[in-house]
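Asks: Quick one: sequence and predicted model below, then my questions.
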Amino acid sequence: MNSNEKKTPQYITFALIVNAAALALSLIVYRPFFETNDDAIFCLIAEGVHGIREPHLIVANIILGYIYKALYTILPAVRWHSVLQYVFMFLGYTSLTYIIQKISDPKGENGKGLVRGRLLAVLITVSTFYESYVSLQFSKTAAITCTAGYLILMYVLREKSINGNNAADAGINAGRVIKKAGTLRILAVAAYVLLIYGILLRSSSFKMVTLLMLPLGLYEFIALIMRERKISSKVVAFAVSFAALLCVFLAFDTINRLSYDDASGWGGFKKYHSATVKLIDRGYKFLDHDRYADLLEQNGISDNDAVMLMTWQFGDDDVWDTDKMLSIIGSFPGKQPDVEMLKGLAENIYNDIFVFDPCVIGFLLIIIAAFILLISGGEKAKTAIMICWIAMLAGIFVFFQYSGRWSHRVTAAAMLVLIPAMISLAVSAPFKESGEAINNGVLGGMTAFILIACMAVLLGNRFDYNDYRRSAQDYRGFYGDIAKDKETLYVADTFTFQDAYKYDVFKAYGKGSMDNFVTVGSWYLNSPITGTMLSAYGCDNPFDALVTGGKTGNVVLVDNMSSQEKLTYLNEHYGSFELEELPEEYGFKMYRVLKTAE
């Protein structure tokens with residue numbers, strides 16, 4: 001048996017120890033949190049807090065929604081959306097650590113080449129664990145799992161080709177070939193599982209990762225053809241492996257689109273949701289009433305309306321219906337690259353890149369190390385792939401800036417893709433015992449420097465959590481009380497509850513626990529979920545509830561941020577109203593909307 005095969009248990013043990021330690025530290029020493037409230041909303045939908053466990057997750061695939069529904073039926077106390085993200089990220093990182101060791105130590109000599117491989121694998125862990133395990137966000141998770149899936153799959157296909165040829169040439173015994181094939185088969189299954197999960201969780205992340213992996217995939221495909229010197233069965237198998245994945249993606253996408261039919265109400269909501277995203281996320285700058293007053297007034301948007309829309313208080317679909325929003329969007333001038341856009345791009349890059357963050361520092365150091373290792377090793381083709389990745393990354397940044405969709409999770413997701421991808425290239429560079437510009441000592445120093453950044457973000461993470469605990473309202477006490485008061489419908493300000501679930505990464509809420517609570521703006525507002533809930537109170541939407549009081553006449557506005565803007569909105573659109581201030585509860589300001597004589 002080849003020494004590399006004998007070392008397999010050692011490789012697995014090292015991979016498990018490194019990644020289990022990173023996961024344990026993330027969960028015990030750090031305070032995991034949802035980077036955005038999108039993940040919390042996924043959880044609330046799947047957990048059925050509004051009365052029904054709904055598989056329509058809106059921005060994730062409905063197949064995943066049905067998986068959640070089944071899991072919550074079995075164990076409703078587990079926050080499955082979070083748990084599955086950790087399970088699949090751990091699987092992806094552990095598998096990557098394993099294959100990096102295999103690549104770095106092809107003969108199983110356990111020498112300096114393996115040490116370099118292990119240091120590079122640890123670099124992935126220390127650079128990415130905070131953005132992965134601590135700052136949880138589903139788009140980043142999907143990017144991580146898809147990246148791991150692609151890199152593992154390409155490793156499997158490459159090994160099958162190379163080792164198959166070597167076995168045939170050298171007459172290697174059948175037992176070793178079968179054992180090696182079994183290991184590769186397990187890795188192939190892991191790769192497809194990771195990719196399928198990423199597709200279900202966030203298809204747009206899968207698309208971005210596929211784009212970034214394309215240069216590496218083409219390189220592997222061309223290298224395979226050159227080894228085979230013909231279109232052999234291995235070449236066909238390589239193409240089929242990725243064609244099958246594309247078919248899976250298209251099939252899942254079709255199933256998801258068909259589930260949003262007009263008969264169920266989800267088809268109309270999907271169009272409504274798309275319009276709100278275009279208006280509020282992508283048309284955000286045109287809602288500045290100081291700069292675009294004439295344009296907004298032509299569309300019947302007052303200064304207060306613009307403020308309401310900019311702050312995600314769009315839930316009055318009697319006023320802001322799909323056709324109205326699309327009409328407004330159509331009146332906006334087309335976007336053109338200009339000095340303002342370039343200035344915004346520079347500011348965003350500066351704010352996201354030039355920070356003392358382990359992911360950013362690791363990304364920049366790994367770029368330098370990978371380039372040096374590949375150039376010194378004479379790996380011209382792989383150096384070209386690195387250059388291509390940097391160019392593609394710049395293109396991604398420009399696209400998201402131009403579209404008005406720039407966010408930290410975009411830059412973080414791109415770095416989480418390229419860090420393991422670049423290391424997978426660098427680890428294959430020929431190892432030199434001496435004279436390397438990037439030797440094992442340098443890699444160890446890089447790891448230590450990134451660990452210092454990890455300590456810095458630990459202090460920030462703990463400070464933020466303690467500050468949250470000291471200053472935040474008592475959300476859980478509030479939710480516990482309203483769950484006992486089903487006669488009252490609570491209409492809440494969006495930003496008052498923006499961080500309500502930030503640290504509830506593992507806390508599941510019970511089915512029906514919030515079936516009398518709705519915000520004035522969220523990306524599932526006015527869907528069949530909230531529509532069914534509000535109809536039980538005789539209302540169409542949150543603003544209709546505030547105006548009419550519903551059939552119980554007992555509607556309470558919960559608002560620490562913009563109660564006066566809501567009052568102005570009601571007076572501009574529905575008549576004359578005033579706010580009656582109620583006793584404050586759990587740090588929340590409470591009001592009742594009263595009709596007054598005009």
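Replies: Received, thanks. Note that the coordinates shown come from a computational prediction; the quantities given were computed from them, not determined experimentally.
Asks: Run through the stretch 301-450 of the chain and note the low-pLDDT ranges.
Replies: Scanning the stretch 301-450 of the chain for pLDDT under 70 picks out 429-438.
Asks: ranges for the helices of it?
Replies: 303-310, 322-331, 339-353, 358-376, 380-402, 408-426, 440-471 (DSSP state H, counting those that start in this stretch).
Asks: Buried deepest among the ones you listed, which one?
Replies: Most buried of those, by mean neighbour count (mean count of other Cβ atoms under 10 Å): helix 408-426, with a mean of 24. For glycine as for every other residue, the C-beta is placed from the backbone atoms N, C-alpha and C.
Asks: now the angle from it to helix 358-376?
Replies: Interaxial angle, helix 408-426 versus helix 358-376 (axes from the mean of the first three to the mean of the last three Cα atoms, to 10 degrees): 30 degrees.
Asks: Just name whatever secondary elements helix 408-426 is in contact with.
Replies: Judged by 3 or more Cβ pairs under 8 Å, 6 or more residues apart in numbering; DSSP states H and E, the packing partners of helix 408-426 are helix 80-104, helix 112-129, helix 138-170, helix 203-228, helix 339-353, helix 358-376, helix 380-402.
Asks: ok, now with 10 Å
Replies: Applying 3 or more Cβ pairs under 10 Å, 6 or more residues apart in numbering; DSSP states H and E, we find helix 408-426 packed against helix 80-104, helix 112-129, strand 135-136, helix 138-170, helix 203-228, helix 339-353, helix 358-376, helix 380-402.
Asks: What average pLDDT does the longest one get?
Replies: The one in question is helix 138-170. What helix 138-170 shows for mean pLDDT is 84.
Asks: Return the set of buried residues in it.
Replies: The neighbour-count check on helix 138-170 (16 or more other Cβ atoms under 10 Å) flags 138-161, 163, 167 as buried.
Asks: And the fifth one, by the same measure?
Replies: For helix 203-228, a neighbour-count test (16+ other Cβ under 10 Å) marks 203, 205-206, 208-210, 212-213, 215-217, 219-221, 224 as buried.
Asks: and of these, the nearest to residue 292?
Replies: Of all the buried residues of helix 203-228, residue 208 has the smallest distance to residue 292: 31.4 Å, by Cβ to Cβ.
Asks: show me what contacts the closest one?
Replies: The contact partners of residue 208, by Cβ atoms under 10 Å, 6 or more residues apart in numbering, come to 139, 142-143, 146-147, 202, 392, 396, 399, 410, 413-414, 417.
Asks: cool, and residue 529?
Replies: Residue 529 is in contact with 44-45, 48-52, 54, 56, 58, 265-266, 269, 518, counting by Cβ under 10 Å, 6+ apart.
Asks: which among those residues gets closest to residue 229?
Replies: Out of the contacts of residue 529, the member with the shortest distance to residue 229 (by Cβ to Cβ) is residue 58, at 49.9 Å.
Asks: Verify the stated contact: residue 568 with residue 302.
Replies: Yes - here residue 568 reaches residue 302: they are 8.5 Å apart, a contact under Cβ atoms under 10 Å.
Asks: For these two, list the residues in contact with both.
Replies: By Cβ under 10 Å, 6+ apart, residue 568 and residue 302 have these common neighbours: residue 308.
Asks: what's the neighbour count on residue 572?
Replies: Neighbourhood size, residue 572 [other Cβ atoms under 10 Å]: 14.
Asks: was I right about it contacting residue 307?
Replies: No - if you go by Cβ under 10 Å, residue 572 and residue 307 don't touch, sitting 11.7 Å apart.
Asks: on that earlier part again, nearest to residue 547, out of the helices of the stretch 301-450 of the chain?
Replies: Short answer: helix 303-310, nearest of those by Cβ to Cβ, at 14.8 Å.
Asks: What are the buried residues along the helix or strand where residue 237 lies?
Replies: Taking DSSP states H and E as the definition, residue 237 sits inside helix 233-259. Buried positions in helix 233-259, judged by neighbour count with 16+ other Cβ under 10 Å: 234, 235, 238, 241, 242, 245, 249, 252, 256, 259.
Asks: Including pLDDT, could the residues you listed go into JSON lines?
Replies: As requested, those are exported to JSON lines (pLDDT from 0 to 100):
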{"residue": "234", "pLDDT": "87"}
{"residue": "235", "pLDDT": "89"}
{"residue": "238", "pLDDT": "91"}
{"residue": "241", "pLDDT": "93"}
{"residue": "242", "pLDDT": "94"}
{"residue": "245", "pLDDT": "95"}
{"residue": "249", "pLDDT": "97"}
{"residue": "252", "pLDDT": "97"}
{"residue": "256", "pLDDT": "94"}
{"residue": "259", "pLDDT": "92"}
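Asks: Which two among these are spaced furthest apart?
Replies: 234 and 259 (38.3 Å).
Asks: Now distance to residue 523 too, for the helices of the stretch 301-450 of the chain, in JSON lines please.
Replies: Putting the helices of the stretch 301-450 of the chain into JSON lines (distance: least, Cβ to Cβ, whole Å) gives the following:
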{"stretch": "helix 303-310", "distance to residue 523": "14"}
{"stretch": "helix 322-331", "distance to residue 523": "14"}
{"stretch": "helix 339-353", "distance to residue 523": "22"}
{"stretch": "helix 358-376", "distance to residue 523": "26"}
{"stretch": "helix 380-402", "distance to residue 523": "18"}
{"stretch": "helix 408-426", "distance to residue 523": "15"}
{"stretch": "helix 440-471", "distance to residue 523": "23"}
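Asks: Identify whichever of the ones you listed lies nearest to residue 292.
Replies: helix 303-310 (8.5 Å).
Asks: Can you give the distance from that closest one to the centre of its chain?
Replies: 28 Å (Cα atoms, centre = their mean, to the nearest Å).
Asks: same deal with stretch 416-428?
Replies: 20 Å.
Asks: nearest to residue 321, of the helices and strands packed on helix 408-426?
Replies: The nearest among the helices and strands packed on helix 408-426, by Cβ to Cβ, is helix 203-228 at 26.2 Å.
Asks: can you give me the offset of that closest one from its chain's centre?
Replies: 22 Å.
Asks: got the angle for that helix vs helix 138-170?
Replies: 10 degrees.
Asks: Touching, residue 450 and residue 119? I think so.
Replies: No - assessed by Cβ under 10 Å, residue 450 is found out of contact with residue 119, at 11.5 Å.
Asks: so how far is residue 476 from residue 446?
Replies: Per Cβ to Cβ, to the nearest Å, residue 446 is found 42 Å from residue 476.
Asks: what do you get for residue 274?
Replies: From residue 274 to residue 476 the distance is 34 Å (Cβ to Cβ).
Asks: quick one, what contacts residue 281?
Replies: Taking Cβ under 10 Å, 6+ apart, one finds 312, 403, 404, 405, 407, 523 in contact with residue 281.
Asks: For residue 415, see how far away it is.
Replies: Between residue 281 and residue 415 the distance is 22 Å, computed by Cβ to Cβ.
Asks: Centroid-nearest residue for the protein?
Replies: In the chain, the centroid-proximal residue (Cα atoms, centre = their mean) is residue 139; its distance is 1.5 Å.
Asks: Residue 34 is in contact with that residue, correct?
Replies: No - applying Cβ under 10 Å, one finds residue 139 not in contact with residue 34, separated by 12.0 Å.
Asks: rewinding a little: with secondary structure as added columns, please give the contacts of residue 529 in a markdown table.
Replies: Shown next, in a markdown table, are these (DSSP: H, G, I helix; E, B strand; the rest coil):
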| residue | secondary structure |
| --- | --- |
| 44 | helix |
| 45 | helix |
| 48 | coil |
| 49 | coil |
| 50 | coil |
| 51 | coil |
| 52 | coil |
| 54 | coil |
| 56 | coil |
| 58 | coil |
| 265 | coil |
| 266 | helix |
| 269 | helix |
| 518 | strand |
